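The following comprises the amino acid sequence and a computationally predicted model.
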Amino acid sequence: MAAKSKSSPSDYLFSLVWIGAILYGVAFFLQNSYNIRLQAINEYGPVIHEFDPYFNWRATQYLYENGAAKFFKWFDHMVWYPLGRPVGTTIYPGMQFTAVFLKNYIVGDKMSLNDICCYMPAWFGVLASFLVGCIAYEASLETNSMSLFSVVLDALMGRYTEVGEKPAEKPTGYYKLSSYLGLRSPAVECAVFAMGFMAVVPAHLMRSVGGGYDNESVAVSAMCLTFYFWMRSLRSGEKYSYLIGIVAGVAYFYMVAAWGGYIFVLNLIGAHAALLVLLGRFSNKVYLAYTLFYIVGTSLAIQVPVVGWAPLKSLEQLGPCAVFLGYQILQYCEMLRKKNKWNRAEAWKFRIKFGVVALIGLVIFVMAVTPKGYFGPMSSRVRGLFVPHTKTGNPLVDSVAEHQAASQQAYWQYLHIMCFLAPMGFVFMMFRFGDSASFLFVYAFSAYFFSHKMVRLILLTAPIASSLSGIAVGRLVSWSLSTFLEDEVAEDATTEELTADKKSKEKENGKGKASKKKESKPSGETNFAGIAAIQDGFIQASKSTEGKIVKGIASIVILGSLYYQATTFKTYAWGISKGLSNPSIIVKGQLRDGQVVYVDDYREAYWWLRDNTPEDSRIMAWWDYGYQITGIANRTTIADGNTWNHEHIALLGKALTGTEEEGYQIARHLADYVLVWGGGGGDDLAKSPHLARIANSVYRDHCPGDVTCRAFGFVDRKGTPSPMMERSFLFKLHSHNIRPGVQADPEKFTEVFRSKYGKVRIYKILGVSRKSKTWVEQNRECDAGGWFCPGKYPPGLKDILNKKKDFAQLEDFNRGASDEEYQKEYFENLNNPELARKKAELQRQKEAKPEEEVKPKTISDEEKVQIYSTWEDTDDTTLMWKIVTSNAVDDLNRWLHQDPGAAWIRSSDGRGPMWWAFESKNQDIVTILMKMGVPHTDKDKNGLSPLDMLNQA
């Protein structure tokens, strides 16, 4: 052992200063984390934001007033009219239970339930920041002393290096006293700076500002808590650290109760456990840690009603289950290996045999239960993370902006300087590798992959980016400060240690060869002795006078640069936070005279509904606003953001984007009032093309021959509606008495409310079917329990419902239904929007009334020659090929009527419509083209004429 070095009073003074600085840094960053999230509350008051938080608030209120027993048996007939929804068994209730617990046992009468819900995101934002610091600390401890390269080499060589607890790298110096408190440097510095990054990173702020009472605001803290305890259970040098796997399982249970994103957490830990096996790091500790985590976590998770047996049935969660079973097989094989004292070859032979038998048994089990529908399919959102395109095939999911792929600009917007610091921390981790630290590698790759697929999931990058950035900055700051604070005592201690080590080695060399054979050096020392020698050379050089000067200059540059970047990042984060703190339900605006006003139109409309309509009134509105209507107005809605029933939303979409008469005939059986968002921007008219697309996914006659409903929308940047949009139910109500000549039928609708700034309009439906309303109330079917009572559609909607075709998602293999033709055309149109628009234009021409038709256009001979001599593959050539080869004569006539030049287009191989017509033997199209003067004897790229194509066919 190295000799103990003496300590001076300055050591303890520096240690106290260092501890004080650490405590100040933690307090400063956590306070900053809290303050930055309160901007919305400070400006707008304790107001709940957005849409989904209003459902969470309403559910919390119900739980508080009725208790847990009634909550889990709550079937809400005020939503998804006339079907209703069993809320208690379809919600992740962790956040609601947390809020009620705080109200009942912590806060009491000091705060209202509404205020608690508004402040909770800020409170949990602080907690998440602290936990990210704990993660960075665990990953930066000196027990993570291996390098990634040595671990990989060990795995290839079939060796396992046991990493034990090591003393602090420098037991003297400015942090000696901290070592007595269990703190280690630079792990502490890494933890503090990781907290600082997490405190203000926009990727986390976007889901944790005050008033943003959404699941993610609590779930990120639960996720970080689970990750920390999982890493802690793998800490090297502690014999019983695996027991913390039990705590990790309990933390995972809270994560499951809080957010559906628990699937990511479970799979991430399962992937890390599998990686440890591949890296040759499987051990008794790793086995026990994962086994305890999985058993405890899964046993508790299945108690959450919305989850049930999904961890053992859903394809999204079977991966970690497979890892768990694999761990049991590996541990059994390992026990037999030790018992029988097998060598490596014998052990692997048995593992393979046993693994094959287990695999055969698993295959038999899967084949037996699959036909019975045991395994659940992936959700469309999860499936969308793995397909090569950026869409899921479900127009409802694809209509949500946050489900789109992330761009590089999005990463910079939400992570900023951490886009550079996190990779630097990743590199540091490669040389400070360990069982627990390796988790951050899996997390980093997974978070980037999934966030790249869906911009909403950039939220998942906040903890890992903050941890890695904190590690990078913490190590740089620690090294820089050490160059100034090392004293002579530390140098003397180092000299003493080197002398003691030298004597110890000389003593060991005298023991002879026999004792040498018994020793085993760590693989990192054995395999990278050359690198270690170079490192020692640098260390010796740095202790010279010149080396100290260079180190000092470098330290000043590093600290100065980091300070500048930190201030820039803080200013940027506060600016982003200000933008994120604007609740969508209240908008700050500016009048023409420069006066700043708060536009509160939306709440005014909901308050008007609450105060001026009967309690049993049903409100038709697009699903975005359903949560706010029930949460504020306390009125029944047709649909909301839960989006559990695709066909029901499609019916709503058909009512809003169908003709005024068609929409009215649906609305009078379902609603008493219609609420429309107007005023420009992201109002209902801007969203309406998505509504039409969703409607058409179930009602295929809505946009015949046009799966993406390009015929419904604006035809130019001036906002001119297409004929289909202009005839729609939504357009009539949206533009009533605003656009010239647009008026809703006064025999069907009466405008009863228009908000102050015109953002919301409410219409009373005339001629509401009281018969349908009464029928719905009297025909709910309850199960044996007496609380599950779903409703039915009234008979008055029978004719329209008979036209629907249930939407078959690509991933739902249990339904035995598929819609390959629809999906194929859907993706073709999304991937080639110009082609889809052309087809939609042809459809509009087909639907045009005789008086609307225009005279045929003509082109000059020069234009014909120019088009005919241009050979290129375009959307027009693709569409023309489809029209000609399918013998769509009417479509061709409409196109040529609008654009006669299309008859002369040619693709890159020199072929055009005449070639394709001869090849397909479509005489009618050949005749049309010949009448337009298109030649049939010219040659293509290969010297073939249209007549030659006929002979080949």
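That came in fine, so what should we check first?

Mean confidence (pLDDT) on stretch 578-585, please.
Stretch 578-585 shows a mean pLDDT of 86.

now swap in stretch 96-112 and tell me
Rounded mean pLDDT across stretch 96-112 is 95.

next one: stretch 802-811
When pLDDT is averaged over stretch 802-811, the result is 71.

Also stretch 151-166?
Mean predicted lDDT for stretch 151-166 stands at 72.

Let's see that stretch as PDB, backbone CA atoms only.
Written as PDB, here are the backbone C-alpha positions of stretch 151-166 (Å, rounded to 0.1, in the frame of the first residue of the first chain):
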ATOM      1  CA  VAL A 151     -14.000  -4.400 -21.900                       C
ATOM      2  CA  VAL A 152     -14.500  -5.400 -25.500                       C
ATOM      3  CA  LEU A 153     -11.100  -7.100 -25.500                       C
ATOM      4  CA  ASP A 154     -12.000  -9.000 -22.400                       C
ATOM      5  CA  ALA A 155     -15.200 -10.100 -23.900                       C
ATOM      6  CA  LEU A 156     -13.400 -11.400 -27.000                       C
ATOM      7  CA  MET A 157     -10.800 -13.200 -24.900                       C
ATOM      8  CA  GLY A 158     -13.400 -14.700 -22.600                       C
ATOM      9  CA  ARG A 159     -12.100 -12.900 -19.500                       C
ATOM     10  CA  TYR A 160     -13.900 -11.100 -16.700                       C
ATOM     11  CA  THR A 161     -12.200  -8.300 -14.800                       C
ATOM     12  CA  GLU A 162     -13.500  -7.700 -11.300                       C
ATOM     13  CA  VAL A 163     -13.400  -4.000 -10.500                       C
ATOM     14  CA  GLY A 164     -13.200  -3.300  -6.800                       C
ATOM     15  CA  GLU A 165     -13.700  -0.300  -4.700                       C
ATOM     16  CA  LYS A 166     -10.700   2.100  -5.000                       C
END
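
contacting residues around it?
142-146, 150, 236-238, 278-281, 283, 344, 433-435, 438, 522-524, 527 (C-beta atoms under 8 Å, 6 or more residues apart in numbering). C-beta: built from backbone N, CA, C; applies to glycine.

Ok, stretch 74-90 next?
Contacts of stretch 74-90 (C-beta under 8 Å, 6+ apart): 59, 62, 66, 71-73, 305-306, 618, 626, 630, 634-640, 642, 644-645, 648, 670-671, 776, 780, 787-794.

Equivalent analysis for stretch 674-687, please.
With contacts defined as C-beta under 8 Å, 6+ apart, stretch 674-687 is touched by 399, 601-602, 605, 609, 619-622, 624-625, 629, 656, 667, 725, 730-731, 733-735, 738, 749, 757-763, 765.

Now that stretch: buried residues?
By neighbour count on 16 or more other C-beta atoms under 10 Å, the buried set for stretch 674-687 is 674-679, 683-685, 687.

quick one: least confident helix or strand in the protein?
Ranked by mean pLDDT, DSSP states H and E, the weakest helix or strand in the chain is helix 513-518, scoring a mean of 45.

do you know how far residue 256 is from residue 477?
The gap separating residue 256 from residue 477 is 37 Å, by C-beta to C-beta, to the nearest Å.

more crowded one of the two?
residue 256 (30 against 20; other C-beta atoms under 10 Å).

Could you tell me the phi and psi values at the more buried one?
Per-residue torsions, residue 256: phi -60, psi -40 (degrees, to the nearest 10).

Then residue 635?
phi -120, psi 160.

Give me the spatial nearest neighbour of residue 733, chain neighbours excluded.
residue 676 (5.0 Å; C-beta to C-beta, 6 or more residues apart in numbering).

did I read that right, that neighbour in a strand?
Yes: counting by DSSP: H, G, I helix; E, B strand; the rest coil, residue 676 is part of a strand.

Distance check, it against residue 728.
Between residue 676 and residue 728 the computed distance is 12 Å (C-beta to C-beta).

and if you look at residue 289?
For residue 289, the distance to residue 728 - C-beta to C-beta - is 59 Å.

ok, now residue 638?
Counting by C-beta to C-beta - residue 638 and residue 728 are separated by 17 Å.

and what of residue 945?
49 Å.

who has more neighbours, the two?
residue 728 (26 against 17).

does that one have beta-bridge partners, and which?
Taking DSSP bridges as the rule, residue 728 bridges to residue 659.

residues in contact with it?
So residue 728 contacts 656-660, 663, 688, 712 (C-beta under 8 Å, 6+ apart).

Can you turn the buried part of those residues into a PyMOL selection?
Typed into PyMOL, the line below selects the buried ones among the contacts of residue 728, using 16+ other C-beta under 10 Å:
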select buried, resi 656+657+658+660+663+688+712
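
can you redo the contacts of residue 728 as CSV with distance to residue 454?
Listed next are these as CSV, based on distance: C-beta to C-beta, whole Å:
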residue, distance to residue 454
656, 27
657, 26
658, 31
659, 35
660, 37
663, 33
688, 24
712, 26
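
Just say helix, strand or coil for residue 352.
Using three-state DSSP as the criterion, the local structure at residue 352 reads helix.

Show me the shaky parts of the stretch 551-700 of the chain.
For the stretch 551-700 of the chain, applying pLDDT under 70 flags no range at all.

need the strands for it, in chain order.
587-590, 596-599, 618-620, 636-637, 673-677 (DSSP state E, counting those that start in this stretch).

Within its sheet, name the partner strands of the first one and how each one runs.
Spelled out, it's strand 587-590. If you go by DSSP bridges, strand 587-590 pairs up with strand 596-599 (antiparallel).

what comes into contact with the strand it pairs with?
The contact list for strand 596-599, computed with C-beta under 8 Å, 6+ apart, reads 44, 586-591, 756-757, 759.

buried stuff in that strand?
By neighbour count with 16+ other C-beta under 10 Å, strand 596-599 contains the buried residues residue 599.

CA atoms of that strand as CSV?
Presented in CSV, the C-alpha positions along strand 596-599 are these (Å, rounded to 0.1, in the frame of the first residue of the first chain):
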residue,chain,number,x,y,z
VAL,A,596,-50.8,44.7,-25.5
VAL,A,597,-53.9,42.7,-24.7
TYR,A,598,-54.6,39.2,-23.4
VAL,A,599,-56.9,37.3,-25.7
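
Buried residues, the helix or strand harbouring residue 329. List them.
Assessed by DSSP states H and E, residue 329 sits inside helix 318-340. Going by neighbour count (16+ other C-beta under 10 Å), the buried part of helix 318-340 is 318, 320-321, 323-324, 326-327, 330-331, 333-334, 337.

just to revisit the earlier point, make a PyMOL selection of the buried ones in the contacts of strand 596-599.
Applying 16+ other C-beta under 10 Å to those, the buried members can be selected in PyMOL as follows:
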select buried, resi 44+586+587+757+759
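
All the helices of the stretch 501-650 of the chain, in order from the start?
Per DSSP state H, counting those that start in this stretch, the stretch 501-650 of the chain carries helices over the ranges 513-518, 523-527, 529-542, 545-580, 601-612, 626-628, 646-657.

Quick one: the helices in the stretch 151-300 of the chain, in order.
Using DSSP H, counting those that start in this stretch, helices in the stretch 151-300 of the chain cover 176-180, 187-200, 202-205, 215-233, 244-258, 262-278, 284-301.
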